[in-house]
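Enquirer: This is a predicted model, with the sequence first.
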Amino acid sequence: MIVRILGSAAGGGFPQWNCACSHCRGVREGLINASPRMQESVGLSADDGEWFLINASPDIRSQIESFGPLHPGKSRTTPIQAIFLSNGDLDHCLGLLSLRENHRLVIYATESVRRGFTEGNVLYRTLQRFAGQVTWRTLKLGVEETVLCADGRQSGLTVEALAIPGKPPIHLEGLVSLSDPELNVGFRFRQCTNGRVLAYLSAVGRITTSVFEGLADADCVMFDGTFWSSDELSAPGFLEKSAEDLAHWPVGGQRGSLAMLSTITAPRRVLIHINNTNPMLREDSTERKIIEAAGWSVAWDGMEIRL
């Protein structure tokens, strides 16, 4: 399995367009040891021929252009077979609108994510105008199933959707049940030939038994690295909400994910979906050193892992 990180930042990217915090200003002006990052999206393939995307960020066009294997081979074609949506957040699905010119768009999602996007998002009407273009494939929680290419061929991968504590996307707040387990999911992708597993959980509101079960025996873990601390947005006055309020469990501290996941033994452990305020973005920061000492890596755009 080939896993290619196309974008490693949280919504807004890094630097964020409307932010002049020390990180965003610093990376713009070359004052800090950090690299710009596009918004989270990941490509994976069993054979370097057919590719699948996890989430379609607003930066999807630039992400496709940055990675040759996603370029069209001839005429108007694409090696992208399908997109997996982990939830209905706009920074995970706005890129679908940029893919509207494809002859066929296959989307894997739970029924709740599909319904929230198609019924609660007026932008979906743009895709609806292309008759027969969008095919939805429904994911059932806890069921490992074969991943199919756009034309129905087997891809060499399987996927299992995992119920992960989270929250509804902003455009659905107050309209859906907060207890719906299908609104936010993680994924376990398995390579059929060698059994290697990628566990992908980029939005984790709480670390529960279901989270540990999703990470168990994985060869590579990609985990929510949005915030280092609970007060990362509230302390500087950006937002009067904690990391937990936004359904992203912080990485640092005694109760942070780094400490709570210390028993996870996957050979590759990567933090992804990193907010522009997160000090781990600085390659020479104390937080980065703590992460690396614990055996984890911080994702970057263009990072590639082969399982």
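Expert: Done, it's in.
Enquirer: From here on, just use CA atoms for contacts and neighbour counts.
Expert: Will do.
Enquirer: any weak-confidence spans in the stretch 151-300 of the chain?
Expert: 174-175 (pLDDT under 70).
Enquirer: now the helices for it?
Expert: Counting by DSSP state H, counting those that start in this stretch, the segments of the stretch 151-300 of the chain that form helices are 209-215, 257-260, 286-293.
Enquirer: beta partners of the closest residue to residue 45 other than its chain neighbours?
Expert: Spatial nearest neighbour of residue 45, excluding adjacent residues (C-alpha to C-alpha, 6 or more residues apart in numbering): residue 51 at 4.8 Å. Residue 51 forms beta bridges with residue 80, as assigned by DSSP bridges.
Enquirer: so how far is residue 71 from residue 51?
Expert: 11 Å (C-alpha to C-alpha, to the nearest Å).
Enquirer: residue ranges for the helices of the stretch 1-150 of the chain, please.
Expert: 22-29, 60-65, 90-93, 95-98, 111-119, 124-128.
Enquirer: Quick check: mean pLDDT of the fifth one?
Expert: Helix 111-119 shows an average pLDDT of 83 in the prediction.
Enquirer: list residues touching both of residue 51 and residue 71?
Expert: Both residue 51 and residue 71 are in contact with residue 79, where contact means C-alpha atoms under 8 Å, 6 or more residues apart in numbering.
Enquirer: ok, these two, which is more surrounded?
Expert: residue 51 (22 against 14; other C-alpha atoms under 10 Å).
Enquirer: And that one, how close does it get to residue 118?
Expert: The gap separating residue 51 from residue 118 is 24 Å, by C-alpha to C-alpha.
Enquirer: before we move on, what about residue 193?
Expert: Distance, residue 193 to residue 118, using C-alpha to C-alpha: 35 Å.
Enquirer: Please say which of those two ends up with more neighbours.
Expert: Ranked by neighbour count (other C-alpha under 10 Å), residue 193 and residue 118 place residue 118 first, with 16 against 10.
Enquirer: Okay, strands next: where are they in the stretch 201-307 of the chain?
Expert: Taking DSSP state E, counting those that start in this stretch as the test, the strands found in the stretch 201-307 of the chain are 220-224, 268-272, 297-298, 304-306.
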